[in-house]
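1. Model the structure of this input:
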Amino acid sequence: MATKKTIAMLLISLLVIIVACANVGEALSDCAMHCLPGCMKQVPVASIDTCGNACEGLCDQLDGDGNPGLGDFS
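-> The predicted structure follows:
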């Protein structure tokens, strides 16, 4: 039977692997956060990642710094 020390090492190794493989996404800009609900309504089968990427692209097109002008999402 495995010792407590062996089990602890396996659990720590597993934790390190999980943390290393975790997909830590980028935070969306304020512009994209305003766009996201509209995208999710228009394309119900789209994932949050897909709409997030699309909204970031839209925001970059609307304004070079990623922030829409006033009224762009009103």
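2. mind listing the helices for this structure?
-> Ranges of helices in the chain, per DSSP state H, are 4-21, 30-42, 48-62.
3. could these go into JSON lines alongside mean pLDDT and mean neighbour count?
-> From N, CA and C alone the C-beta is placed, and that goes for glycine too. Output for the helices of the chain, formatted as JSON lines (pLDDT from 0 to 100; neighbours: other C-beta atoms under 10 Å):
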{"stretch": "helix 4-21", "mean pLDDT": "77", "mean neighbour count": "10"}
{"stretch": "helix 30-42", "mean pLDDT": "89", "mean neighbour count": "16"}
{"stretch": "helix 48-62", "mean pLDDT": "88", "mean neighbour count": "17"}
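4. Please report how far residue 35 lies from residue 17.
-> 35 Å (C-beta to C-beta, to the nearest Å).
5. cool, and residue 45?
-> 32 Å.
6. can you check residue 33 too?
-> 32 Å.
7. How about residue 47?
-> 25 Å.
8. do residue 48 as well
-> On the measure of C-beta to C-beta, residue 48 and residue 17 end up 25 Å apart.
9. Over to residue 63?
-> Residue 63 is 41 Å from residue 17, by C-beta to C-beta.
10. what do you get for residue 61?
-> 39 Å.
11. what about stretch 12-28, how long is it end to end?
-> End-to-end distance for stretch 12-28: 32 Å, by C-alpha to C-alpha, to the nearest Å.
12. Could you check the pLDDT of residue 28?
-> You'll see residue 28 listed with a pLDDT of 82.
13. Distance-wise, check the residue nearest to it when sequence neighbours are not counted relative to residue 59.
-> Using C-beta to C-beta, 6 or more residues apart in numbering and skipping the chain neighbours, the partner closest in space to residue 28 is residue 52 (5.3 Å). Note on residue 52: its distance to residue 59, by C-beta to C-beta, is 11 Å.
14. what residues are shared contacts of the two?
-> residue 32 (C-beta atoms under 8 Å, 6 or more residues apart in numbering).
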